[in-house]
Structures are given as structure tokens and as C-alpha cells.
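Sequence and predicted structure are below.
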Amino acid sequence: MDVNLESERLRLRKVSLTDVSENYVKWMNDQEVNQYMETRFRQQTISEIMQYVTSLLENPNILFLAIIIQETNSHIGNIKLEISPHHQRGEISLWIGDNTLWGKGLATEAVDLLKEYAFKVLGLYKLTSGCYSCNKASEKLFLKSGFHQEAVLKNHYICGNIRTDRLCFACYGSDG
Ligand SMILES: CC(C)(COP(=O)(O)OP(=O)(O)OC[C@H]1O[C@@H](n2cnc3c(N)ncnc32)[C@H](O)[C@@H]1OP(=O)(O)O)[C@@H](O)C(=O)NCCC(=O)NCCS
């Protein structure tokens, strides 16, 4: 199914293999971008990213969307919804690769769009997400997008040689 979601500044549409650009590879290997991402443990190459993108596109329970700035038609990051159909639940994760665009509310706009689609069109009951407790931008973003902290997984990750908690966020279609 084709998906095209639009907000004031953004468009979300399916990721395509042509999105796997030099910039995409650079972002995945950028230590500021990947510091809280599991991909950071090995150098990412274009062919590995292509394989990863292909596997997500082939998975019927994953909605893998490119975040596009409408005005310039530029691809700045990705947002993923991993659906558990039997539980009517979806897990959201995302990144924005160009750090000069951080702090402008773009991720919040992307999450809001996907959230509305997940509840109103897909009919999901619950959305979840999570982040390292030291990832303050992510924590703020999910709280701003109407998620609440539902659980803390203690000492879940190692980040920069320090044991770090995972914050688990959730929101419900019935939250309104
Ligand atoms: C997390 C991420 C998606 C947020 O994107 P963004 O477009 O900057 O998010 P928004 O601007 O919508 O909101 C982020 C909020 O966090 C704040 N913030 C950003 N960096 C921060 C920091 N280091 N400490 C505290 N707050 C921070 C922003 O000011 C903003 O809050 P505000 O609206 O009250 O000013 C982006 O930083 C990113 O892609 N990071 C790298 C990948 C990543 O960590 N992904 C998430 C994995 S769970």
C-alpha cells in the first residue's frame, strides 16, 4: 500500500532504495547521529544499508517511511512503525541525519503524523517507543508527542562505557 502523509513542513512516504545516498551512509556512521542507535557498533556500508532497507520493505508488518522536507523535497531521515497485528500495537523509531535540522520540531511533526495514521487509518490500539535515558532529545520528543513514560528497564544498555536505562514510552488511541 502506498503511503503519503503530509504536514505543514513534512511529507512521509515509503523509503526507496534510491534514498540510500552517500548522505544516508554518512549519517549512519556519524557518531553524533548514531550515539544512541544499535547500528553504531559496526561501520555501515552502502550495500549493507541497501540490504537492510530491502528487508524492511519486504516485511508486511513494517511501515518504513522517509522523512522529506516538502519545500526542498530533501530526504532528512527515516521513521519506522513496526506493527504487531495480533496485539494491535506498533513501535515507532526514527532518526534525522542532518543535525543542523535538530531542535526545530521536525521529529515531533513526523511522529504526530505517523501517530495519527497508526490510530485513525490502521486502527492500532497502542503505540510504543523507547530510548536511552541519556537521549534527552528523544525523551522530550516523545513526551511532546503525547506519549507517557510507561516503564524503565534498568541498566539496559551500555553507552560510552556507562550502564544506562531504557525509557519506555506509550500512547493509546483512546488518549484522544
Ligand atoms: C531524537 C531526534 C529524532 C529528535 O529530532 P528533533 O527534530 O531535534 O526533535 P524535535 O525538535 O521535534 O524535539 C526535540 C526536543 O528535544 C530538545 N533537545 C534536543 N537536543 C537536546 C539535548 N541534547 N538535551 C535536551 N533537550 C534536547 C529540543 O530542543 C526539543 O525540545 P523543545 O521543543 O522543547 O525545544 C534527533 O535528535 C535524532 O535524530 N537524533 C539521532 C538519532 C536518535 O537518537 N534517534 C532516536 C533513537 S530512540
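Good, I have the coordinates.

Tell me the residues of the protein that contact the ligand?
33, 36-37, 93-96, 102-108, 131, 135-138, 140-141, 144 (Cβ under 6 Å from any ligand atom). All C-beta atoms are positioned from the backbone trio N, CA, C, and that covers glycine.

In the helix or strand hosting residue 110, which residues are buried?
Applying DSSP states H and E as the criterion places residue 110 in helix 106-116. By neighbour count on 16 or more other Cβ atoms under 10 Å, the buried set for helix 106-116 is 106-115.

Among the residues of the chain next to the ligand, which lie within helices?
106-108, 136-138, 140-141, 144 (DSSP state H).

mind putting these in TSV, pLDDT included?
Formatted as TSV, those follow (pLDDT from 0 to 100):
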residue	pLDDT
106	98
107	98
108	98
136	97
137	97
138	98
140	98
141	97
144	97
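
mind listing the strands for this structure?
Counting by DSSP state E, one finds strands in the chain at the ranges 4-6, 10-14, 62-69, 74-84, 89-96, 126-132, 148-159, 162-172.

And the longest helix seen in the chain, what does it pack against?
Ranked by residue count under DSSP H, the longest helix found in the chain is helix 46-58. Contacts defined by 3 or more Cβ pairs under 8 Å, 6 or more residues apart in numbering; DSSP states H and E place helix 46-58 against helix 22-28, strand 62-69.

contacts for that helix?
14-15, 17, 19-20, 22, 24-25, 28, 62, 64, 80 (Cβ atoms under 8 Å, 6 or more residues apart in numbering).

now the residues you listed: which count as buried?
Neighbour counting by 16+ other Cβ under 10 Å classes 15, 19-20, 24-25, 28, 62, 64, 80 among those as buried.
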